[in-house]
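**Student:** Dropping a prediction and its sequence here:
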Amino acid sequence: MANSDPNALKENIHSIRELHSFLEYYSYDVPLIVALNKRDLPNAVLVDELVRNLRIEGLYPIFETIAVRGVGVKRVFREAIRLAVLYRIFPDVCRREIRLLIQKTTQRLVGKVFYSSKQHTS
């Protein structure tokens, strides 16, 4: 979960680096999903900028969320559970699904400036 608040960028970068170090140290190979939260903030970091600064482009499926409103949260959990089950039972299928999900979520976010809260108020 990455916070879209510009003031949280350094903390986000530290957290993702710490996660990578932890997974590498313990040799964990698990499916990960990144949620870009607080997309409704008026000063939210641009999606492209956040992805670039976190160095996560093409590595994980990326979803936008507004947790306080529940926007996108259910989808993130659904995908996380689906991938966890697939990984446990059919690891090769899981890896293929992750690649497809990365492509889909990347295509959806390419060139997107920010999550428009106006899309969800009607």
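**Tutor:** Sure thing, it's come through.
**Student:** give the contact list for the nearest residue to residue 61 once chain neighbours are set aside.
**Tutor:** Leaving aside its sequence neighbours, residue 61 sits nearest to residue 101 (CB to CB, 6 or more residues apart in numbering; 4.0 Å). (Glycine included, C-beta is placed from N, CA and C.) Residue 101 is in contact with 61, 79, 83, counting by CB atoms under 8 Å, 6 or more residues apart in numbering.
**Student:** Now do the phi/psi pair for the residue nearest to the spatial centre of the chain.
**Tutor:** In the chain, the residue lying closest to the centroid (CA atoms, centre = their mean) is residue 34, at 1.9 Å. Backbone torsions of residue 34, given as degrees, to the nearest 10, read phi -110, psi 130.
**Student:** Over to the one 3 residues further on?
**Tutor:** Phi and psi for residue 37, reported as degrees, to the nearest 10, are phi -100, psi 170.
**Student:** quick one: residue 9 and residue 53 touch, right?
**Tutor:** Yes. Under the criterion of CB atoms under 8 Å, residue 9 makes contact with residue 53 at 6.2 Å.
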